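K.L.:
no sequence on hand, only this structure:
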């Protein structure tokens, strides 16, 4: 899993049906690169989260027909920007 | 999911059967790197879109026998080039 | 999908059974990095092709028991080295 | 598989159900980049381990419904920091 | 598939059950980065090999319950260090 920080919500139109009404968040990694994650746990901007990729991302939603390749799997306790590098 | 901008359509010959008659778009990321995505939502050049990889890309088409590893999943509202870096 | 250029054929020995007698091509990306792709469409050296990764690579062969993680999915029309960067 | 060194345990809240009560470790690669791995073998900080990604990560837990994309698969004997580069 | 050179064998303890008694090799790519591959073909140090990732890696072993994400699929004939760059 990767460690990401939630940046903001994402609003999209013309979504494919499996993503309808799902919460999407823009997340950044320690280099500032942005990706979009499906959020089943209710993370807020600024939260540090763990994210899953590939088929685990679909299963983590509780419904593997949901077509995400990046899903938030939990909010990390006691993490800060300084810990992003070993 | 990744954030891509649609660049242009892509025309191919000698396609494998599962891709016959599907719409393919050349998309670029924030570094200008190009990839090819299947487009089930009708995005136009210049649109910012979210894209899915791996098995989610196949399921996002509505037909998991379609052999894509990158599929457009929605058009992003209110995004611009300046937002591509956090 | 990625855009690759076919460089040459690849000859291997001691292959695992699912790859026996399949055509393999060395392909390069726009940075000159080399990978090996299974070719079900008959591409020739110099052709620009689209390639699929992950489970889509297996399905694109027409037989998902074939153990490839990179498969040529079509030959691109009207592409040139200048178009490899947006 | 990749070679990682275990850095520390990871505590998270609001986990998705498939990860409840699983041991998670922060691991680093030879460049110092951090990821989070599920640990079914009981590795300790400082151990060098092999890790699996993608669907193999789920299967390596012994229960493919566990939604991890990085799982520790074994502890490496006789490895040291000097061997991280060929 | 990727092109790797076999560096040495890898000895591990506390392995997860699906990897018990399988041959693991440390392999390097053309940049010297190291990974670990399961070897069902009997490659030797110095051999240039093709490797498969993702679900193809599991299927290439002949038993998809084996939890590898990188498997050697064949030994390349007539390859040398000079050919690693196009």
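P.N.:
Now that the structure is in, tell me what you want to look at. Predicted model only: the values in this text are computed from it and were never measured.

K.L.:
anything in the least confident helix or strand in chain A by mean pLDDT near chain B?
P.N.:
Within chain A, no helix or strand scores below strand A:12-13, which has a mean of 86 by mean pLDDT, DSSP states H and E. Yes - legend: contact between strand A:12-13 and chain B by Cβ under 8 Å from any Cβ of the partner chain is shown at A:12, A:13. C-beta coordinates here come from the backbone N, C-alpha and C atoms, glycine included.

K.L.:
which neighbouring elements make contact with that strand?
P.N.:
Under the contact criterion of 3 or more Cβ pairs under 8 Å, 6 or more residues apart in numbering or on different chains; DSSP states H and E, strand A:12-13 touches strand B:70-76.

K.L.:
quick check, residue A:59 in a strand?
P.N.:
No - assigned with DSSP: H, G, I helix; E, B strand; the rest coil, residue A:59 falls outside any strand and is helix.

K.L.:
and it, what's its pLDDT?
P.N.:
Residue A:59 is assigned a pLDDT of 91 by the prediction.

K.L.:
residues near it, how many?
P.N.:
Number of residues near residue A:59 (other Cβ atoms under 10 Å in any protein chain shown) recorded here: 21.

K.L.:
separation between residue A:48 and residue D:29?
P.N.:
19 Å (Cβ to Cβ, to the nearest Å).

K.L.:
hey, where'd the helices end up in chain A?
P.N.:
A:54-60 (DSSP state H).

K.L.:
show me which residues of it sit near chain D.
P.N.:
For chain A, the residues in contact with chain D (Cβ under 8 Å from any Cβ) are A:1-3, A:30, A:40-43, A:50, A:52-57, A:59-62, A:71-78, A:84-86.

K.L.:
for the residue minimising distance to the centre of chain A, what are its contacts?
P.N.:
The C-alpha lying nearest the average C-alpha coordinate of chain A belongs to residue A:37 (Cα atoms, centre = their mean; 3.1 Å). Counting by Cβ atoms under 8 Å, 6 or more residues apart in numbering or on different chains, residue A:37 touches A:4, A:24, A:25, A:27, A:49, A:51, A:68, A:70, A:71, A:72, B:1.

K.L.:
show me which pair in those residues is furthest apart.
P.N.:
A:49 and B:1 (15.0 Å; Cβ to Cβ).

K.L.:
among these two, which residue is more densely surrounded?
P.N.:
residue B:1 (29 against 26).

K.L.:
ok, the more buried one touching residue B:51?
P.N.:
Yes - with contact defined as Cβ atoms under 8 Å, residue B:1 reaches residue B:51; the gap is 6.1 Å.

K.L.:
chain A: strands as residue ranges?
P.N.:
A:2-9, A:12-13, A:24-28, A:34-38, A:48-53, A:70-76 (DSSP state E).

K.L.:
any idea which of those strands scores lowest on pLDDT?
P.N.:
Looking at these, the bottom one is strand A:12-13 with a mean of 86.

K.L.:
what strands flank it, and is each parallel or antiparallel?
P.N.:
Sheet pairing of strand A:12-13 (DSSP bridges) gives strand B:70-76 (antiparallel).

K.L.:
now do the partner strand: everything it contacts.
P.N.:
By Cβ under 8 Å, 6+ apart, the surrounding residues in contact with strand B:70-76 are A:10-16, A:19, A:67, B:1, B:3-4, B:6, B:25, B:27, B:35-41, B:43, B:47-53, B:56-58, B:60-61, C:1.

K.L.:
buried ones in that strand?
P.N.:
Neighbour counts over strand B:70-76 (16 or more other Cβ atoms under 10 Å in any protein chain shown) mark B:70, B:71, B:72, B:73, B:74, B:75, B:76 as buried.

K.L.:
separation between residue A:45 and chain E?
P.N.:
For residue A:45, the distance to chain E equals 33 Å [Cβ to the nearest Cβ, to the nearest Å].

K.L.:
spell out which parts of chain A neighbour chain B.
P.N.:
Contact residues (Cβ under 8 Å from any Cβ) of chain A with chain B: A:7, A:10-19, A:24, A:28, A:32, A:34-38, A:53-55, A:57-58, A:65, A:67-70.

K.L.:
list buried residues within the residues you listed.
P.N.:
Neighbour-count burial (16+ other Cβ under 10 Å) is assigned, among the residues of chain A next to chain B, to A:7, A:10, A:12, A:14-16, A:18-19, A:24, A:28, A:34-38, A:53-55, A:57-58, A:67-70.

K.L.:
residue of chain A closest to chain C, please.
P.N.:
Nearest to chain C, among the residues of chain A, is residue A:54, at 7.6 Å (Cβ to the nearest Cβ).

K.L.:
model confidence for that residue, exactly?
P.N.:
Listed pLDDT for residue A:54 reads 93.

K.L.:
what of the one 10 residues further on?
P.N.:
Residue-level confidence at residue A:64 comes out at 85, pLDDT.
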